[in-house]
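**Student:** Test case, fold it:
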Amino acid sequence: MKKILIALLALGILASALVAVPLDRADSAHRQVEITVDLDDALALAREAGLSGVQMLSKLQELGVTAVGVREATLLRYRREGTLSLVQGSDLLQAWRVTGSAHPQLQPLFAGGVINGAATYVITENAELAGRIADKARLKLQKPVRELLEGPFFLVEINEEPARVQNLRVGVDPGDVALARRLWLRVVARPDNLYIKSAAAARETMAEFLSLPPDLLSAVVFEGTEVTGHPKYIAETAAALNAAGVPFGIIEFIDRQQGIPRLSALTGYRALLVHPSMPGKTVQAVANSVRERRVRLIYLRFQLNDPAVVEKSLSMVAGVTENLARHGYTGGPAAAPEAPPFPAALRYLVLLGLAAACTLLLAEILRAEPPWLYAVLALSFLAMAVSLPLLSANRALHLWSILAAGAFPSLAVISQQLNRLPKGPLSGAASLRFATLAIARSALLVAAGGLVVVSLTSGRYFIGGTALFHGVKLVHTLPLVLIGLLALLRVYWHQVEKWEAAGLAKVFRDLFCQPVRVYFLALLLVLAAAAFIYVGRTGHTAGLPVPALEVRLRQLLGDILVVRPRFKEFMAGYPLALLGLTLAARGNRGALTTALVAAGAIGPVSMANTFMHFTTPSPVSDALLRSFNGLWLGLLLGLLLCFLFLSVVPFVRKRVKI
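**Tutor:** Model prediction:
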């Protein structure tokens with residue numbers, strides 16, 4: 001039966017490669033990123049530097065900026081620019097009563113009792129702006145609006161309090177568009193969801209941006225905590241995006257904007273990741289977002305309250321551009337990543353291979369091939385196939401990718417390490433060779449499983465950033481628990497060929513009757529601290545902070561090795577595995593050896609997790625190179641650890657039972 005399972009597993013891995021490799025090639029070929037600055041920030045920077053907006057944007061463009069983020073203008077902005085005045089009706093009436101005079105155009109309004117003390121009045125000389133304000137107020141505020149004067153001053157009455165009126169967005173300012181067009185900078189649209197109370201308001205808000213020339217508009221990045229149209233009118237927003245063929249951005253590192261999942265589904269998951277470079281971020285952190293997380297749009301913000309804001313902002317832009325250029329990236333339009341074809345036939349072959357891997361894992365745990373394993377294989381595959389329409393394809397594929405990321409490292413360690421321990425003790429060189437080859441075989445099997453994980457998460461739902469990371473801590477811990485239990489059976493209690501109730505009871509009785517020594521408690525505290533750090537440092541949410549020294553080492557390793565390895569692999573997993581397997585092969589099957597072999601599984605488990613990062617560009621080649629770097633570095637450190645343990649510190653072997 002095992003041969004059949006291995007054949008099905010190989011078929012599934014081949015099907016996975018037909019999906020994962022094209023995705024990897026497409027990612028490798030895409031080397032463009034939209035480097036965007038906020039237009040409001042750029043204009044504030046210009047004022048600080050004593051330059052015009054055109055001059056400052058020209059400087060930023062020379063340093064690598066390719067787009068500007070543009071919002072709809074608010075009445076508050078126009079008020080600050082002196083384009084209009086906002087006055088409470090009660091203030092107008094009070095001034096008229098006190099002075100007894102008013103502008104000739106306003107005098108009839110006062111005399112006729114037209115002025116409403118509860119309303120807000122907008123006064124401007126711009127006829128087009130006055131009409132636009134009246135239309136937007138009716139649409140978004142949904143309050144009574146009157147246009148009372150027709151020139152040379154225009155008066156718009158809005159029956160709403162001034163605080164709400166001044167925040168009313170009244171369309172994209174033509175001057176902003178002209179400024180971007182003059183410098184051939186693309187526009188990143190920033191619509192929001194303020195005062196969107198109707199389908200018409202959602203459509204018109206999107207039309208303000210999507211009516212721009214196609215060569216000018218790059219992408220849409222929603223402002224605030226909600227997408228435009230949330231919660232009732234997201235369909236209108238999606239229809240506008242679909243008609244224009246424009247992708248929208250999903251901002252990383254912040255709470256997911258409300259409405260993103262539904263909007264993404266309605267637009268066919270035509271989304272891209274956006275890195276929000278907030279003030280204080282380093283150049284390296286910004287560049288890493290593109291290199292490590294498939295970010296297609298960088299949105300730079302400046303620390304405008306810093307006395308040296310001009311110098312620091314220009315330096316930041318130049319640094320990001322230069323860093324990306326060193327790695328082959330250039331400025332270009334934001335584009336949503338494209339998913340490779342994943343026909344149903346290939347999808348079912350991949351799932352069949354995964355079902356075979358899970359069945360093979362069960363056979364390796366049992367060290368037997370009972371006939372009912374055929375039923376396990378059939379039921380596993382049936383459950384996976386049925387889940388696609390029941391859970392929705394994306395949710396089901398995400399679930400099975402998590403299963404694959406846990407099953408393959410478990411299968412690799414159990415089948416290639418624990419179940420292949422030599423019966424008798426080997427010599428020093430032979431034991432080291434066994435350990436090295438066992439670790440290498442495990443890594444190859446995990447790499448093959450990585451193709452399965454990548455293929456299952458190769459759709460737009462995953463690579464565009466819509467999907468959230470789930471199951472990371474689970475994948476990091478459950479395989480270790482399983483392997484730890486199997487290590488006790490295969491290593492510590494290796495002499496027991498068949499477990500019976502009496503023997504099992506004796507084991508537990510002897511265990512609980514052991515005297516508690518101080519070093520037991522100290523070891524328990526050390527293990528608890530190590531487990532806390534291990535779990536706290538996994539996942540994609542905020543956990544334990546990364547020490548500054550490790551940050552510098554990460555950067556150094558990334559510069560030297562192109563793709564930095566994971567610390568837990570080369571600093572812990574592989575060295576411990578090499579030492580543990582070497583000791584086990586030499587005939588040492590005590591508690592320390594068991595713990596080392598079990599802890600050594602951190603390497604394969606972490607390697608499998610690398611393939612779960614579905615927003616990583618070039619997910620196959622990047623993960624393989626990262627894992628290879630971790631493997632060879634870990635084996636080198638493991639050789640050093642073995643030398644220290646077995647040669648330099650011989651008294652350890654004499655004093656500690658291993």
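
**Student:** Phi first, then psi, for Glu157.
**Tutor:** The phi/psi pair for Glu157 (degrees, to the nearest 10) reads phi -100, psi 130.

**Student:** Against Ala163, how distant is the spatially closest residue to it that is not a sequence neighbour?
**Tutor:** Of all residues not flanking Glu157 in the chain, Arg146 sits nearest, at 4.4 Å (CB to CB, 6 or more residues apart in numbering). From N, CA and C alone the C-beta is placed, and that goes for glycine too. Using CB to CB, to the nearest Å, Arg146 is found at 20 Å from Ala163.

**Student:** neighbour count winner among the two?
**Tutor:** Higher neighbour count among Arg146 and Ala163: Arg146, with 14 against 9, using other CB atoms under 10 Å.

**Student:** tell me the phi and psi of that one?
**Tutor:** The phi/psi pair for Arg146 (degrees, to the nearest 10) reads phi -130, psi 140.

**Student:** what is the mean pLDDT for the helix or strand harbouring Thr436?
**Tutor:** Thr436 is part of helix 428-456, with elements assigned from DSSP states H and E. Average pLDDT, helix 428-456: 95.

**Student:** Output the helix or strand following that helix as PDB, restricted to C-alpha atoms.
**Tutor:** Remark: after helix 428-456, the chain's next helix or strand is helix 460-463, criterion DSSP H and E. What follows is helix 460-463, C-alpha atoms only, in PDB (Å, rounded to 0.1, in the frame of the first residue of the first chain):
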ATOM      1  CA  ARG A 460      -6.000  36.000  -6.400                       C
ATOM      2  CA  TYR A 461      -7.800  35.700  -3.100                       C
ATOM      3  CA  PHE A 462      -4.400  34.900  -1.500                       C
ATOM      4  CA  ILE A 463      -1.700  36.600  -3.500                       C
END
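
**Student:** which helices and strands does the helix holding Thr436 pack with?
**Tutor:** If you count contacts as 3 or more CB pairs under 8 Å, 6 or more residues apart in numbering; DSSP states H and E, helix 428-456 packs onto helix 2-29, helix 344-366, helix 393-416, helix 574-585, helix 602-610, helix 619-643.

**Student:** mind listing what's buried in it?
**Tutor:** For helix 428-456, a neighbour-count test (16 or more other CB atoms under 10 Å) marks 431-432, 434-436, 438-439, 442-443, 445-456 as buried.

**Student:** Ok, stretch 237-245 next?
**Tutor:** Buried, per 16+ other CB under 10 Å, within stretch 237-245: 237-241, 244.

**Student:** Next: stretch 625-634.
**Tutor:** Residues of stretch 625-634 classed as buried under the neighbour-count rule (16+ other CB under 10 Å) are 625-631, 633-634.

**Student:** what about stretch 588-606, how long is it end to end?
**Tutor:** End-to-end distance of stretch 588-606 (CA to CA, to the nearest Å): 27 Å.

**Student:** Also stretch 73-92?
**Tutor:** OK, stretch 73-92 end separation, CA to CA: 25 Å.

**Student:** Verify the contact between Cys358 and Leu403 for me.
**Tutor:** Yes - when contacts are counted by CB atoms under 8 Å, Cys358 is listed as touching Leu403 (7.2 Å).

**Student:** Comparing those two, which residue is more hemmed in?
**Tutor:** Under the neighbour definition other CB under 10 Å, Cys358 and Leu403 were set side by side, and Cys358 has more, 24 against 20.

**Student:** so after whichever strand or helix holds Glu311, what's the next helix or strand?
**Tutor:** Using DSSP H and E, Glu311 falls within helix 309-326. Toward the C-terminus, helix 309-326 is succeeded by strand 330-331 as the next helix or strand (DSSP H and E).

**Student:** Report the distance from that next one to the chain centre.
**Tutor:** Centroid separation for strand 330-331 versus its chain: 22 Å, with CA atoms, centre = their mean, to the nearest Å.

**Student:** likewise stretch 215-224?
**Tutor:** Centroid separation for stretch 215-224 versus its chain: 20 Å, with CA atoms, centre = their mean.

**Student:** quick one: contacts for the nearest residue to Gly459 once chain neighbours are set aside?
**Tutor:** Spatially, and ignoring its direct neighbours in sequence, Gly459 is nearest to Ala339 (5.0 Å; CB to CB, 6+ apart). By CB atoms under 8 Å, 6 or more residues apart in numbering, the residues touching Ala339 are 23, 458-460, 463.

**Student:** Out of the buried residues of stretch 625-634, which is nearest to Ala102?
**Tutor:** Nearest to Ala102, judged by CB to CB, of the buried residues of stretch 625-634 is Arg626 at 73.6 Å.

**Student:** give the contact list for the residue lying closest to that closest one once chain neighbours are set aside.
**Tutor:** Spatially, and ignoring its direct neighbours in sequence, Arg626 is nearest to Val563 (4.6 Å; CB to CB, 6+ apart). Going by CB under 8 Å, 6+ apart, Val563 touches 622, 625-626, 629.

**Student:** and the strand or helix carrying Ile35, which strands flank it?
**Tutor:** Secondary structure from DSSP H and E places Ile35 in strand 32-38. Its sheet considered, strand 32-38 pairs with strand 67-70 (parallel), strand 295-300 (parallel), strand 330-331 (parallel) by DSSP bridges.
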